[in-house]
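Visitor: below are the sequence and a predicted model for it; my questions follow.
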Amino acid sequence: MQRDLSEQKCPACGAPLRFDPASGKSVCDWCGKSYEIPSTAEEPAEGEAQAEGGSAPKPGISEEICVYSCRSCGAEIVTDAVTASVTCPYCGNNIILTEKVTGGLRPDGIIPFKIDKKDLPAAVQNFYKDKMLLPKRFFSESSIRDLCGVYVPFWLYDCTMSGSAYYEGYNDSAMRSGDYIITERKHYDLERGVNMDFKDIPVDGSARLDDALMDSLEPFDMADMKPFRMSYLSGFFAERFDKDSDEVRQRAEDRMLTSTMRIVNASAGDGYMGVVPKDNDIKPSNLNAKYVLLPVYTFKVNYKGTDYSFAMNGQTGEVVGDVPTDKGRALTRRWGTFAAVFAAIMLIIWFISC
């Protein structure tokens, strides 16, 4: 079945265009032309319904295999149901699968890539430099593989967390009675009212990517959010969500509640010697979700036949991932710490005995 697609072509020579993170423009590597990307949102494609009163409902995900015909070379391109941007493996044409990013699937915004993939090796080396327990030859014997620049689907949540948090507070007072010091502790039931607003709390909507890895890439600077335009996707992969806003809503609420309690707990004991958290009835309200695409490089570092998963924030250059540990170095470090502590204790004992 023929499916809708958009090919990003250079108007001057007809070669594929790609989005260039350095300039923020669409560029042609064949004739050197570059083109500004309009700052306003695109008009909906023919037959695309505009959402009224906010984003349109997002349809569910099927398990279908999708087949597209490249208009440049005629090759058939097979993708899954969530891929939204591909490069033809036969002619190199950059193709946007428009049915994945239009109608109810149209993103509410996009943060374009700012980091070029050529800058990735230096960023990875910078990530390694303070990892003291890496194997000695890790730098020379490891290699980067499966590098992919992908626009990852995220849901951004706005919400108000309100209610009360309950604590047991106490104050101690001491008095001398003969040879004894008597300490009196008074207990108090405390209630702290809470009303906190959250904006643009991100939760990834991809089942294929590790949630902890995506969380660790934050923060993204939401001030760089642009109206969605297909030109930003050229030269990169893109996915549509396969977990809708209702499926990941609980993760967002849990994150906001954790942040709320961290802030409330920090000030709940003002005026008391100590407090013990007991319970809370804090609930979310006015929760809204936006669907956006955020820039991420995913790749693997192979060392002695083992792949370690990494990711880099395509906006800030933040690198996160797994690294191997040299057991010999780790053991030496532990013994070194033990020796230093032991030496300090013996020195203290010597001073006391003198």
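Guide: Yes, it's here. Please read these numbers as outputs of a predicted model, since none were measured by experiment. Residues are numbered from 1 along each chain as shown.
Visitor: skip the chain neighbours and tell me the closest residue to Phe241.
Guide: Gly205 (3.4 Å; Cβ to Cβ, 6 or more residues apart in numbering). For the C-beta atoms, the positions are set from N, CA and C on the backbone; glycine is no exception.
Visitor: list the contacts for the one you found?
Guide: Pro153, Phe154, Trp155, Phe241, Asp242, Lys243, Asp244, Ser245, Glu247, Val248, Tyr291 (Cβ atoms under 8 Å, 6 or more residues apart in numbering).
Visitor: ok, Met175 next?
Guide: Applying Cβ under 8 Å, 6+ apart, the residues near Met175 are Ile181, Ile182, Glu184.
Visitor: what bridges to it?
Guide: Ile182 (DSSP bridges).
Visitor: where's it relative to Ile181, distance?
Guide: 7 Å (Cβ to Cβ, to the nearest Å).
Visitor: before we move on, back to that, let's see which of the contacts of Gly205 end up in strands.
Guide: Pro153, Phe154, Trp155, Tyr291 (DSSP state E).
Visitor: what's the closest of those to Glu318?
Guide: Nearest to Glu318 out of the ones in strands among the contacts of Gly205 is Phe154 (Cβ to Cβ; 15.3 Å).
Visitor: ok, the closest one touching Pro202?
Guide: Yes. The criterion here is Cβ atoms under 8 Å, and Phe154 meets it with Pro202 at 4.8 Å.
Visitor: okay, now Glu184: neighbour count?
Guide: When neighbours are defined as other Cβ atoms under 10 Å, Glu184 has 9 of them.
Visitor: okay, and Asp270 sits in which element?
Guide: Here Asp270, judged by DSSP states H and E, is contained in no helix and no strand.
Visitor: show me where the stretch 51-200 of the chain has its helices.
Guide: Under the criterion DSSP state H, counting those that start in this stretch, helices of the stretch 51-200 of the chain are mapped to 120-128, 138-141.
Visitor: which residues touch the first one?
Guide: Spelled out, it's helix 120-128. Outside helix 120-128, the residues that reach it (Cβ under 8 Å, 6+ apart) are 115, 134, 138-139, 144, 147, 297, 299, 301, 310, 312, 317, 319-321, 323.
Visitor: can you tell me the closest non-neighbouring residue to Asp108?
Guide: Asp108 sits nearest to Lys290 (Cβ to Cβ, 6+ apart), 4.3 Å away.
Visitor: ok, that neighbour - how many residues close by?
Guide: Neighbours of Lys290 (other Cβ under 10 Å): 18.
Visitor: circling back: what's the closest of the contacts of Gly205 to Gly169?
Guide: Out of the contacts of Gly205, the member with the shortest distance to Gly169 (by Cβ to Cβ) is Val248, at 36.4 Å.
Visitor: what sits against the closest one?
Guide: Trp155, Val203, Asp204, Gly205 are the contacts of Val248 under Cβ under 8 Å, 6+ apart.
Visitor: can you tell me how far the second one sits from Leu287?
Guide: Read it as Val203. Counting by Cβ to Cβ, the gap from Val203 to Leu287 is 12 Å.
Visitor: cool, the third one as well?
Guide: Using Cβ to Cβ, Asp204 is found at 18 Å from Leu287.
Visitor: do Ser34 as well
Guide: For Ser34, the distance to Leu287 - Cβ to Cβ - is 41 Å.
Visitor: likewise Lys9?
Guide: 42 Å.
Visitor: next one: Met161
Guide: 10 Å.
Visitor: higher neighbour count, those two?
Guide: Taking other Cβ under 10 Å, Met161 and Leu287 do not tie; Met161 has more neighbours (23 against 17).
Visitor: hey, what's that one bridged with?
Guide: Counting by DSSP bridges, the residues bridging with Met161 are Met196, Pro284.
Visitor: so it touches Thr260, yeah?
Guide: Yes. Applying Cβ under 8 Å, one finds Met161 in contact with Thr260, separated by 4.8 Å.
Visitor: who touches both of the two?
Guide: Val194, Met196, Ile282.
Visitor: in TSV: those, plus neighbour count.
Guide: Below are the shared contacts of Met161 and Thr260 laid out as TSV (neighbours: other Cβ atoms under 10 Å):
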residue	neighbour count
Val194	19
Met196	15
Ile282	19
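Visitor: which among the residues you listed gets closest to Tyr272?
Guide: For these, the nearest to Tyr272 is Val194 (17.9 Å; Cβ to Cβ).
Visitor: looks like the closest one contacts Ala165 (just checking).
Guide: Yes. If you go by Cβ under 8 Å, Val194 and Ala165 touch, sitting 5.9 Å apart.
Visitor: mind listing the shared neighbours of these two?
Guide: Val264, Asn280, Ile282.
Visitor: out of the residues you listed, which are inside helices?
Guide: Val264 (DSSP state H).
Visitor: got the CA coordinates for stretch 181-198 in PDB?
Guide: C-alpha atoms of stretch 181-198 as PDB (Å, rounded to 0.1, in the frame of the first residue of the first chain):
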ATOM      1  CA  ILE A 181      20.400  15.900  83.700                       C
ATOM      2  CA  ILE A 182      16.700  15.300  82.800                       C
ATOM      3  CA  THR A 183      15.700  15.700  79.200                       C
ATOM      4  CA  GLU A 184      12.100  16.400  78.400                       C
ATOM      5  CA  ARG A 185      10.800  15.900  74.900                       C
ATOM      6  CA  LYS A 186       7.500  17.400  73.700                       C
ATOM      7  CA  HIS A 187       5.700  16.000  70.700                       C
ATOM      8  CA  TYR A 188       3.600  18.000  68.200                       C
ATOM      9  CA  ASP A 189       1.300  17.000  65.300                       C
ATOM     10  CA  LEU A 190       2.200  19.200  62.400                       C
ATOM     11  CA  GLU A 191       0.400  19.900  59.100                       C
ATOM     12  CA  ARG A 192       2.000  21.700  56.200                       C
ATOM     13  CA  GLY A 193      -0.200  23.100  53.400                       C
ATOM     14  CA  VAL A 194       1.100  22.500  49.900                       C
ATOM     15  CA  ASN A 195       0.400  24.200  46.600                       C
ATOM     16  CA  MET A 196       3.100  23.900  43.900                       C
ATOM     17  CA  ASP A 197       2.900  24.400  40.200                       C
ATOM     18  CA  PHE A 198       5.000  22.300  37.800                       C
END
